[in-house]
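Trainee: Got a predicted structure here, sequence first:
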Amino acid sequence: MIAGMGFPGRYLQGPGALAGLSDLLAELGCSRPLAVVDPAVADLAARVMAGMPRLVFGGECTREEIAGLAGRLPDGIDCLVAFGGGKTIDSAKGVARERGLPIVVCPSAASSDAPTSRLIVRYDARHAVAGVDKLRRNPDAVLVDTDVIVRAPARLFAAGIGDALSKAFEARACVQAGGLNAYGYRATATALRLADGCLEILLAHGERAMRAVRARQGGEDVEAVVEATVLLSGLGFESGGLSLAHALVRGLTTVPELAACLHGELVAFGTLAQMAAMACEPAEVGPVLALMRAVGLPASLRSLGLRRELEGGEWQRLIDATLATEYSRHLLPALTPARLRAVLEQAQAWGTAERAGDSYAPGAGDTQ
C-alpha cells in the first residue's frame, strides 16, 4: 500500500503575524481577496483587514450557510481569507470549494486544528454533525497571530488542547487496524512522529501555557502549544488517521445537551474512550487526565453538561451514530455496541475518579 501525507502550502505563526497578511496575499498572487469573518472578531477584522471586502459568518457551518455566503460573493474575487474560529474557517473552506478559490486561513483562536486541514465539517440546524466535505487541497496558507490567540476566551484554548490530545492515540489505532488516513493512504512514519510529538508538547507545556492564556499573556509555552494544537494536530490526524475519539463526536452530538459543546471538549472525553478501547496503561492515562483537569477540560458526560441519565433509545442513537462512521472501524478489536458501551463506562469511571487513573481496570475496553 502507498503511504502519503499532505500539508498546507505555508504555515506562519507568531505575535503580530497578521501584519504580514497583505504581503503574503501579494506573494500568492491574490489581488482581490475577500474575508469571511467570525462576528466575534468583526471589529478586529475591520482594523487588520481595512479595505478588504468582508462577509460575516452566520454562526453554524451548514450546507445552507455555505451556499448563502457563496451566493453573496462579489464578482472578481480571486482569494478567500478566513478569519475566525473553526466553524467560520470550515464555512469559508466550503465557499472556496464551491467557487474554486484559494484560501488563506487566519484563526482567531487555537480551538481546533481546522486551520491546516482540507476537511470541512458540516452541521445541521440542531448542531449535530451532518457530514464532511473536502477541499481539493489543503489551505494555501495558514497565518496564526498569537497576539490574537491569547486574547480569545481561555475556554477555546483549552478546547484546542482537547482536540489535539487524541491524535497520537488515534493515529496509532488507525495504523494498527490497517486504516487509511484522510487522503486515502497508509500513514507515513513522519505523520506518526508528528502525532506523538504533538502529545509530548501538550504534556510538557500545556498547563503552563493555559496559565499564561488565562492571564492573556504569550511566551514560549503558548507558542509551543499553539504549534501543537494547530499544526501538529492537523498533520497528525489528517495524515496519520482518526479513530474512536473523533467517531464519538458524531454520537455525542445526537444528545441535545452535548451538541452545543465545543468540538475539542467532546474530543477530550473521546480521548478517554479511545484510551479505554486501546487498554492503555495507567502510566499513559494518568498524565492525559491530569492535563485535562489542569486546563479545565470536561472528563465525563456530566462535566460536558449532561445532568441526567441517558435513556435506552438515546444510548442506541449515540452508539449507532458512532459506529456508522468510517473512523470507528480504525480500532482493534473491532467495536461492537456492547464493547462501545463498556468503553464509555470506563471513560466515565476515569473521568469521575478522584485522581488521574484511579479507577483504571485493565481490559475493560476489551469487553465484548
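Mentor: Cool, got the structure. Numbers count the residues shown, from 1 in each chain.

Trainee: how about low-confidence regions in this protein?
Mentor: Applying pLDDT under 70 to the chain flags residues 354-368.

Trainee: Might you report the residue contacts of the spatially most central residue of it?
Mentor: Closest residue to the average C-alpha location of the chain: residue 112 at 3.7 Å, with Cα atoms, centre = their mean. Residue 112 makes contacts with 85, 86, 159, 160, 163, 229, 263, 264, as judged by Cβ atoms under 8 Å, 6 or more residues apart in numbering. Any C-beta I mention is one placed from the backbone N, CA and C, and that applies to glycine too.

Trainee: Then residue 277?
Mentor: Contacts of residue 277 (Cβ under 8 Å, 6+ apart): 173, 244, 331, 335, 339, 343, 365.

Trainee: which one of these is nearest residue 125?
Mentor: Checking these against residue 125 with Cβ to Cβ, the nearest one is residue 244 at 26.7 Å.

Trainee: hmm, back to that, among the contacts of residue 277, which one is most surrounded by other residues?
Mentor: Using other Cβ atoms under 10 Å as the neighbour criterion, residue 244 leads those with 33 neighbours.

Trainee: what about that one, distance to residue 295?
Mentor: From residue 244 over to residue 295 the distance is 22 Å, taken as Cβ to Cβ, to the nearest Å.

Trainee: one step back: spell out the secondary structure type for the residue nearest to the centre of the chain.
Mentor: coil (DSSP: H, G, I helix; E, B strand; the rest coil).

Trainee: count of neighbours near the closest residue to residue 305 other than its chain neighbours?
Mentor: The shortest distance from residue 305 to any non-neighbouring residue, by Cβ to Cβ, 6 or more residues apart in numbering, is to residue 257 (5.0 Å). Neighbourhood size, residue 257 [other Cβ under 10 Å]: 14.

Trainee: do residue 329 as well
Mentor: So residue 329, with other Cβ under 10 Å, has 17 neighbours.

Trainee: before we move on, what about residue 314?
Mentor: 15.

Trainee: how near is it to residue 256?
Mentor: 9 Å.

Trainee: and residue 38, how many neighbours?
Mentor: 24.

Trainee: The helix or strand encompassing the residue nearest to residue 305: which residues count as buried?
Mentor: Taking DSSP states H and E as the criterion, the element that holds residue 257 is helix 256-259. Residues 258, 259 are the ones in helix 256-259 that count as buried (16 or more other Cβ atoms under 10 Å).

Trainee: contacting residues around it?
Mentor: 126, 127, 128, 252, 253, 266, 301, 304, 305, 306, 307.

Trainee: Closest one to residue 16 out of those residues, please.
Mentor: residue 266 (32.5 Å).

Trainee: contacting residues around the closest one?
Mentor: By Cβ under 8 Å, 6+ apart, the neighbours of residue 266 are 162, 248, 249, 252, 253, 258, 304.

Trainee: Need the max-distance pair from those.
Mentor: Spatial extent of the contacts of residue 266 (Cβ to Cβ) is set by the pair 162 and 253 at 14.9 Å.

Trainee: So the two - more neighbours on which side?
Mentor: Neighbour tally, residue 162 and residue 253, criterion other Cβ under 10 Å: the higher count belongs to residue 162, 32 against 23.

Trainee: Sticking with the nearest residue to that one once chain neighbours are set aside, tell me its helix or strand.
Mentor: Closest residue in space to residue 162, ignoring its immediate chain neighbours: residue 268 at 3.2 Å, by Cβ to Cβ, 6+ apart. Counting by DSSP H and E, the element that carries residue 268 is helix 263-277.

Trainee: where exactly do the helices run in the stretch 251-368 of the chain?
Mentor: Ranges of helices in the stretch 251-368 of the chain, per DSSP state H, counting those that start in this stretch, are 256-259, 263-277, 282-295, 312-323, 337-352.
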